[in-house]
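Engineer: can't give you the sequence, but here's the structure:
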């Protein structure tokens, strides 16, 4: 089956595999951290476009094969010059928030299967998916950005406020701290946390189930949930602009520099215990 | 007390009993499934009108006396011709979604006491009530419709999105699967799940308590919660129209036909395990 | 350190202590009930103004040092004549709801650390804070007002509906009953309930953590959560007007009179078990 397995691009950090014409898997495979390098942006874009334009796909599951990490934040050690100057997409949004907005609005059901750390862009990707399931033992979600002086740019203020209410959203985002899977379930950050041994089977059964339903019915139903639950694009745009403004401030540049000097964006304690790390930048 | 007990109509599938002038009970009694036949629509309508126009009633509890079922979906084995062509009510909505909208907006506190299965219209009735309490052992909620190729028509996309957030609402509606009481509590589908032995006492105490409060104060308070939490009617209307469109599609007609051939709408495994049933239409 | 400790006013019912220029504590100390007397209104106002105008403060924690009570309702035994005729603040709202609106909108993170009873205005203050943490053993939240014939005036219809969804908000407000800490956590009334022995340490660590982050980043992030989650002022104003109207009704005056005759607003069973008390006004 020629169509069954193909790489979205020459690079293989993000792999698209078609389990069937109805049911696709997108696997993040960029060891050791699944850190988001600028080269991953067009890969994600290509996959989102494939999801939007394919006439048969109904369900897409996002997961990771890297031990300890679902997907994390931007790689601040990479050359980011290009990324900041990318032209906006058709909606006028910067490519990253735009891809997320397109994923949420797509006529396809997206499910994040979270094992390991999902922070920054990894959390934002999970939040843009229609549903999120987490490994009870191994998933940790967070938006670490405020701890680095950055306003998160991919929409968590808009999305978490609507998922878990104002009080918990403010705690998650302003504390910038790790949220283990069970707390994520209590807060509604994820649909459910499941024993790690059950996660893959559960998500696969759910995806297979939905993939057997009628595509038009799925689309018409999702459209009505979208109307009731999605933030307006302009709110996402405002968050992105606040993110760019925060990154340009000298105080933030200084915070990021200090974090990098202490191991940020590299394998080790900084990324393995990011919540604690950004809470004690001086240690 | 002449006024104390009366049947809303000659048929007795839905009984209205006035415990007191302040506190009414509506009991669904249409064995063996509490399936929703077209003849029940005017009965519900008559009860909603009584709730709206009575000057004293403050609290109405909806429950069932049929083992295993709170209230389920439309009876696809009945003659539905009449139902599709009912004239719209005063708001322009079809009678079913309109009754639900009126119940939510009424100056009376409505409480669903759920024991057994509440799916389709049964779930929609519960969701239109102001509060929902579920038997931990015996309540199962769901919107099975997408599994039959149908967009749910009584507002669950609008209501569940606001009750439990986008991720969980999409899971409940698009999976079309059974939601046991404890998961329903975690998701906010119900206020609480209670041990079956405690459910009746709890709901009765709560209803009695509220029925002793001032009617005008209840109304003025509920009105402000309505403003903050009810979906606009037009969103319910859009869902109803999507439902009708889905039922008219040949693919959906085919799905429903297959389900009926396998036992849908009849006592037995199909209805007793509806989530599993619609997930495996070919078995 | 001259600035470190000062009283906001000559009265000491509400004390402001600056742990550091970044991190303030506001402690309610009006034994035996932390009941809200009219003299406390300007004290709260002064503190809110200090929070709004100080250039360095980032986090403010509200707590109580009175055993059994975080903060409760208006003191109906006090001379309330002055309070009803206070001129509106700059937004046009009455001073109480306006202070709450200003606290929610302030460029400072506010955290309620709840030990003991928080009802009426005490619950409303907690709800106006950005986050709420509760002692599992000792915190009880409620909006008792409907039980006294009063529509709550400080915004709980608007705020609870958005925090916990329509069904649970209606239950909390219309039942007017006590909500223990664990139920408050399940419903999202508080972010989390914590063992009493852990509460102070947890809140202090969270406040200290956020106080080390960048003030501009906190502000820009909170502003976006505000947009997604705060009710419009006009909704709060409508609630306040409904409260005033309810208090002017003879039926409500009669209810309050009966409650006062039975011990309301005084130390003892009425306030120690307020939920039960308002549910059985005749006993």
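Structural biologist: Yes, it's here. These numbers come from a predicted model, not from an experiment.

Engineer: close to chain C, is the host helix or strand of residue A:246?
Structural biologist: Assigned by DSSP states H and E, residue A:246 belongs to helix A:233-248. Yes. Contact between helix A:233-248 and chain C, assessed by C-beta under 8 Å from any C-beta of the partner chain, occurs at A:235, A:238, A:239, A:242, A:245, A:246. Just so you know, the C-beta spots here come from the backbone N, C-alpha and C atoms, and that holds for glycine as well.

Engineer: so how far is residue A:149 from the fifth one?
Structural biologist: So the one you mean is residue A:245. 11 Å (C-beta to C-beta, to the nearest Å).

Engineer: and for the third one?
Structural biologist: Taken as C-beta to C-beta, the spacing of residue A:239 relative to residue A:149 amounts to 16 Å.

Engineer: and the helices in the stretch 51-200 of chain A?
Structural biologist: Ranges of helices in the stretch 51-200 of chain A, per DSSP state H, counting those that start in this stretch, are A:81-84, A:95-105, A:121-128, A:156-164, A:166-175, A:181-187, A:196-211.

Engineer: so residue A:245 and residue A:149 - more neighbours on which side?
Structural biologist: residue A:149 (25 against 15; other C-beta atoms under 10 Å in any protein chain shown).

Engineer: the more buried one touches residue A:255, doesn't it?
Structural biologist: Yes. Between residue A:149 and residue A:255 there is a contact under C-beta atoms under 8 Å: 4.1 Å.

Engineer: residue A:17 sits in which helix or strand?
Structural biologist: Going by DSSP H and E, residue A:17 is in strand A:14-18.

Engineer: confidence score at residue A:8?
Structural biologist: Per-residue confidence at residue A:8 stands at 43 (pLDDT).

Engineer: again, but for residue A:5
Structural biologist: Here, the pLDDT recorded for residue A:5 equals 42.

Engineer: try residue A:173
Structural biologist: In this model, residue A:173 is scored at 98, pLDDT.

Engineer: the nearest residue to residue A:173 once chain neighbours are set aside and chain B: what is the separation?
Structural biologist: Closest residue to residue A:173 apart from its sequence neighbours, by C-beta to C-beta, 6 or more residues apart in numbering or on different chains: residue A:143 at 5.1 Å. Distance, residue A:143 to chain B, using C-beta to the nearest C-beta, to the nearest Å: 16 Å.

Engineer: what are the phi and psi angles of residue A:143?
Structural biologist: phi -120, psi 100 (degrees, to the nearest 10).

Engineer: isn't it right up against residue A:159?
Structural biologist: No. Taking C-beta under 8 Å as the definition, residue A:143 is not a contact partner of residue A:159, at 10.2 Å.

Engineer: within range of chain C, give me the residues from chain A.
Structural biologist: A:146-147, A:149-152, A:157-158, A:160-162, A:164-171, A:173-177, A:186, A:231, A:235, A:238-239, A:242, A:245-246, A:249, A:251-252, A:255, A:279, A:281.

Engineer: wait, residue A:164 touches residue A:172, no?
Structural biologist: Yes. The pair formed by residue A:164 and residue A:172 meets the contact definition of C-beta under 8 Å, at 7.4 Å.

Engineer: more crowded one of these two?
Structural biologist: Higher neighbour count among residue A:164 and residue A:172: residue A:172, with 28 against 23, using other C-beta under 10 Å.

Engineer: which among the helices of the stretch 51-200 of chain A is found nearest to residue A:42?
Structural biologist: Closest to residue A:42 of the helices of the stretch 51-200 of chain A is helix A:95-105 (C-beta to C-beta; 8.4 Å).
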